[in-house]
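Peer 1: Got a predicted structure plus its sequence, pasted below:
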Amino acid sequence: MIKEQELISEFQIAYDHHSKKNFNKAEILYKKILKKLPTHYDTLRHLGILYQDQQMFDMAERYYQRAYKTNSKHFSIYNNLGTIKFLQFKMDEALKFYKEAFKMNPKFVPVINNISAFYHRAFCEDECIKFAKLALSIEPNNLNAKINFAKAMSINNKNKESLKIFEEIVEIQPDTNNYTNLGTAYRDTGEIKKSYICFTKALECDTDNVSAFFNLSASKLHQPNEASLIEYEKKLKLSKNLYQPDKASIIFALYNNYNKLKNYEKAGKFLLHGNKLLDKWINSNINNEEKFLDEIKKIYTPDFIKNNSLVRNIQDAESPEPIFILGMPRSGTTLCEQILSSHSEVFGGGELKHIIDISEIGNTVGNNMKLINSYKDKVKKMTPIVLSKKYLDYSKKLKKLTTGHKFVTDKMPHNFVLIGFIKMLFPNAKIIFCKREKMDNCFSLFAHKFVDKSHGYCYSQKNLGKYYDLHLKLMDYWLDIFKDQIYILNHEKLVENQEKYSKEIVGYCGLEWEPECLKFYDTKRDVKTASNEQVREPINKKSFAAWKKYEAYLEPLKKSLG
């Protein structure tokens, strides 16, 4: 019988081809080894890695499982299984495998890096930076650890430090991924020109880099070349194993580019194609969304809110007060926050996950009935003592963000689901509901590719129209309870009369007027939403009725919105 040590040289040759991205040759050689010894652990595991590198995730998982059955006591296979689950968006399973690998070998830097990356995607600031620091303490020169630490610093409101690290990383290794990371950091901090240069260099380093192509297409400084777009169309057709999110990124990038070229016929076809692809991949259930929002009304009745509201101010006097800016995504929440954060007493907190986390709801969109019923049980256990602790936890998180500001904005749009919970914790909370003309709002959503599997309702015109209607019905419910305690900011009115409505929202928040709020586009702060370039410009009407250019493609949306 052939022994593992007899195959070392053959495995090394296969591995060398794999390292050089000679995937076909490596695959042949790996499989030759498995014919001789089907239980060769390293070959099974690396064949899984090879398929993962080619985005053939089902095949990768198959070989990882075979490696696991061969040797379930080696920590490396748990890390591989965690990664494949992470790439498949099976997050609970991914973390379980990662933690098992970490438990088996707490100094294994690849899994520590993966755990940090996991928490970055989940926006868990404390855990993300904890594991990033741990990786660096073990291997100070590990480049992936430095990248993860820069990303961790970014979500921990240490953006200048994060940017500096990304700049250093590009000096060490100026490749497509590092230029893309630096370009994103520049864009978030308002350095639009530097961002554009980085995305351009990223694409020059690797024309197949999907993220670079998509980010460049979204830059207002980018002027596309039609000949190069035709090449990407060819690549799209020829790519057999392209990962669905990456495929969608290319399609939406083509939409962005043809839209800039005012070729609305081609742009419209790519717009429909990209949304159809993501709708099928995500398979969002609008009936669950409707049931979920109906249950929210049943949970947070006027009597329940009144009987459980915290009646005394237990907040630390040094902690800033929250201003909740909410509504549908793409409804003007970022613009509203930028105006308010231009005030000397307001810090722009961005899209904070804190209320979602302390409410224990899990998600405010994309829930199923099991999660909904679980949340109902959690709410029943929220005694005044529990709520007081949640109040203080939230206040503590706000206090970490800033010093010296009276208010911090929290502009997570889907917090509109949790207004009942917010008013229980903060009976006097300032809440601004951003409302935009329905076709403008929905088209802006339909024309945007969101991160990962978020906002799945957006990719079907029928579902999108229905969800917009559901959000209005829930807001009508809250407005009936809280009336003028919630300020309704009409986006179109704000754009038409900037000064009047800017003064109104500042006054509503109990602040004295400051003229700087009119020059919000000059405010130097990080903006990490899809509107990060728009809010660097003065108010304009460019987005008004933008959907009319694509009216011929939007009949299902118009019908759904009535």
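Peer 2: Right, received. Where do you want to start? Numbers count the residues shown, from 1 in each chain.
Peer 1: For the protein, give me the ranges with low pLDDT.
Peer 2: Within the chain, the ranges that satisfy pLDDT under 70 run 1-4, 312-318, 522-538.
Peer 1: Just want the most central residue of it.
Peer 2: Against the mean C-alpha coordinate of the chain, by C-alpha atoms, centre = their mean, the closest residue is V451 at 4.5 Å.
Peer 1: is it fair to say that residue lies in a strand?
Peer 2: No - read with DSSP: H, G, I helix; E, B strand; the rest coil, V451 is coil and lies in no strand.
Peer 1: From N157, how far off is it?
Peer 2: 19 Å (C-beta to C-beta, to the nearest Å). Every residue, glycine included, has its C-beta placed from N, CA and C.
Peer 1: what's the answer for I192, then?
Peer 2: Using C-beta to C-beta, one obtains 21 Å as the distance from I192 to N157.
Peer 1: Against which helices or strands is the lengthiest helix in the chain packed?
Peer 2: Ordering each helix of the chain by length in residues (DSSP state H) puts helix 461-482 first. Applying 3 or more C-beta pairs under 8 Å, 6 or more residues apart in numbering; DSSP states H and E, one finds that helix 461-482 contacts helix 286-299, helix 419-425, strand 430-435, helix 438-446, strand 486-490, helix 555-561.
Peer 1: What are the buried residues along the helix or strand hosting S249?
Peer 2: According to DSSP states H and E, S249 maps onto helix 244-260. Judged by neighbour count (16 or more other C-beta atoms under 10 Å), helix 244-260 contains these buried residues: 245-259.
Peer 1: C-terminal to it, what's the next element?
Peer 2: Counting by DSSP H and E, the element after helix 244-260 in chain order, helix or strand, is helix 264-282.
Peer 1: Please enumerate residues in contact with that following helix?
Peer 2: 244-245, 247-248, 251-252, 254-255, 258-259, 261, 446-447, 449, 453, 456, 458-461, 463, 549-550, 552-553 (C-beta atoms under 8 Å, 6 or more residues apart in numbering).
Peer 1: Could you pull out the strands in the stretch 301-450 of the chain for me?
Peer 2: Applying DSSP state E, counting those that start in this stretch to the stretch 301-450 of the chain gives strands spanning 321-327, 346-348, 407-410, 430-435.
Peer 1: Deepest-packed of the helices and strands packed on helix 461-482, please.
Peer 2: Mean neighbour count, computed with mean count of other C-beta atoms under 10 Å, is highest for helix 419-425 among the helices and strands packed on helix 461-482, reaching a mean of 25.
Peer 1: now stretch 244-257, how far from the chain's geometric center?
Peer 2: Per C-alpha atoms, centre = their mean, to the nearest Å, the displacement of stretch 244-257 from the mean C-alpha position of its chain is 17 Å.
Peer 1: and if you look at stretch 192-205?
Peer 2: Distance of stretch 192-205 from the chain centroid (C-alpha atoms, centre = their mean) equals 21 Å.
Peer 1: Can I get it as CSV, trimmed to CA atoms?
Peer 2: Presented in CSV, the C-alpha positions along stretch 192-205 are these (Å, rounded to 0.1, in the frame of the first residue of the first chain):
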residue,chain,number,x,y,z
ILE,A,192,-12.9,61.3,-4.3
LYS,A,193,-10.0,62.1,-6.7
LYS,A,194,-7.6,59.9,-4.8
SER,A,195,-10.2,57.2,-4.6
TYR,A,196,-10.7,57.3,-8.4
ILE,A,197,-6.9,57.1,-9.0
CYS,A,198,-6.7,54.0,-6.7
PHE,A,199,-9.6,52.2,-8.5
THR,A,200,-8.1,53.0,-11.8
LYS,A,201,-4.7,51.5,-10.7
ALA,A,202,-6.6,48.5,-9.2
LEU,A,203,-8.1,47.7,-12.6
GLU,A,204,-4.8,48.3,-14.4
CYS,A,205,-3.2,45.7,-12.1
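Peer 1: Next, the buried residues of that stretch.
Peer 2: Buried-residue list, stretch 192-205, by 16+ other C-beta under 10 Å: I192, K194, S195, Y196, I197, C198, F199, T200, K201, A202, L203, C205.
Peer 1: Kindly reformat the residues you listed as JSON lines and extend each row with secondary structure and distance to L479.
Peer 2: Shown next, in JSON lines, are these (DSSP: H, G, I helix; E, B strand; the rest coil; distance: C-beta to C-beta, whole Å):
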{"residue": "I192", "secondary structure": "helix", "distance to L479": "37"}
{"residue": "K194", "secondary structure": "helix", "distance to L479": "43"}
{"residue": "S195", "secondary structure": "helix", "distance to L479": "39"}
{"residue": "Y196", "secondary structure": "helix", "distance to L479": "42"}
{"residue": "I197", "secondary structure": "helix", "distance to L479": "46"}
{"residue": "C198", "secondary structure": "helix", "distance to L479": "44"}
{"residue": "F199", "secondary structure": "helix", "distance to L479": "42"}
{"residue": "T200", "secondary structure": "helix", "distance to L479": "47"}
{"residue": "K201", "secondary structure": "helix", "distance to L479": "49"}
{"residue": "A202", "secondary structure": "helix", "distance to L479": "46"}
{"residue": "L203", "secondary structure": "helix", "distance to L479": "47"}
{"residue": "C205", "secondary structure": "helix", "distance to L479": "51"}
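Peer 1: Pick out whichever of those sits closest to D92.
Peer 2: Set against D92, the nearest of the buried residues of stretch 192-205 by C-beta to C-beta is A202 (32.4 Å).
Peer 1: That closest one touches A212, doesn't it?
Peer 2: Yes - taking contacts as C-beta atoms under 8 Å, A202 lies within contact range of A212: 3.7 Å.
Peer 1: So for these two, which residues contact both of them?
Peer 2: Common neighbours of A202 and A212 are listed as T176, Y179, T180, G183 (criterion: C-beta under 8 Å, 6+ apart).
Peer 1: how about JSON lines for those, with secondary structure and distance to L95 added?
Peer 2: Listed next are those as JSON lines, based on three-state DSSP; distance: C-beta to C-beta, whole Å:
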{"residue": "T176", "secondary structure": "helix", "distance to L95": "28"}
{"residue": "Y179", "secondary structure": "helix", "distance to L95": "30"}
{"residue": "T180", "secondary structure": "helix", "distance to L95": "25"}
{"residue": "G183", "secondary structure": "helix", "distance to L95": "29"}
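Peer 1: Between which two of those residues is the distance greatest?
Peer 2: T176 and G183 (10.4 Å).
Peer 1: Which residue of these two possesses the greater neighbour count?
Peer 2: Set T176 next to G183 and count neighbours by other C-beta atoms under 10 Å: G183 wins out with 28 against 19.
Peer 1: Leaving out chain neighbours, which residue sits closest to the more buried one?
Peer 2: Of all residues not flanking G183 in the chain, C198 sits nearest, at 3.2 Å (C-beta to C-beta, 6 or more residues apart in numbering).
Peer 1: residue contacts, the one you found?
Peer 2: Shown in contact with C198 (C-beta under 8 Å, 6+ apart): V170, Y179, T180, L182, G183, Y186.
Peer 1: From A150, how far out is the first one?
Peer 2: For V170, the distance to A150 under the criterion C-beta to C-beta works out to 11 Å.
Peer 1: the more surrounded of those two?
Peer 2: More crowded of V170 and A150, by other C-beta under 10 Å: A150, with 23 against 18.
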